[in-house]
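Undergrad: Based on what follows, work out the 3D shape:
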Amino acid sequence: MEPNKELEQAIASKFLTPAKFSMEIENIVLAEDINYIDAIILYCEDNNIEVESVSKLISKPLKEKLKWDATQLNFMKATSKAKLPI
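TA: Below you'll find the model as predicted:
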């Protein structure tokens, strides 16, 4: 194996990417049967990471799932562009 490939693989395994983070969160949601918000908090607690520091790791699909959870839990107002003005 080339030295550069070895280095790239070592770096990739050490550092978290948005794709890896999303996969980890999906696995937690399935294994623990919890929502995405709780899964992120659990992941951060288990890995001694500040919750605020993972914002850059949240992919667009994961963000949509978080919004849906937040709406269902009434943490966020439901937004719909199909509302008629009254």
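
Undergrad: C-alpha from now on. contacts and neighbour counts both.
TA: Will do.

Undergrad: Within the helices and strands, which one has the residue lying closest to M76 once chain neighbours are set aside?
TA: In space, and not counting its chain neighbours, M76 is closest to A70: 5.5 Å by Cα to Cα, 6 or more residues apart in numbering. Assessed by DSSP states H and E, A70 sits inside helix 60-72.

Undergrad: returning to what we had before: if you tally nearby residues, what's the number for the residue nearest to M76?
TA: 17 (other Cα atoms under 10 Å).

Undergrad: just for this structure, where's the confidence low?
TA: The model of the chain has pLDDT under 70 over residues 1-4, 7-14, 79-86.

Undergrad: Show me which residues of the lengthiest helix in it are buried.
TA: The longest helix of the chain (DSSP state H) is helix 18-32. For helix 18-32, burial by neighbour count (16 or more other Cα atoms under 10 Å) applies to 18, 21-22, 25-26, 28-29.

Undergrad: hang on, the earlier thing: same for the helix holding A70, what does it pack against?
TA: In terms of contacts (3 or more Cα pairs under 8 Å, 6 or more residues apart in numbering; DSSP states H and E), helix 60-72 is packed against helix 36-46.

Undergrad: distance between the helix it packs on and the chain's centre?
TA: Offset of helix 36-46 from its chain centre (Cα atoms, centre = their mean, to the nearest Å): 9 Å.

Undergrad: Run through who's touching that helix.
TA: The contact list for helix 36-46 (Cα atoms under 8 Å, 6 or more residues apart in numbering) reads 25-26, 28-29, 50-51, 65-66, 69-70.

Undergrad: try it again with 7 Å
TA: Among residues not part of helix 36-46, those counted as contacts by Cα atoms under 7 Å, 6 or more residues apart in numbering are 25, 28-29, 50-51, 65-66, 69.

Undergrad: nearest to K77, of these?
TA: D69 (11.2 Å; Cα to Cα).

Undergrad: Contacts only, for the nearest residue to N35 once chain neighbours are set aside.
TA: Nearest residue to N35, sequence neighbours excluded (Cα to Cα, 6+ apart): V29, at 6.1 Å. Applying Cα under 7 Å, 6+ apart to V29 gives the contacts 35-36, 39.

Undergrad: That'll do, ta.
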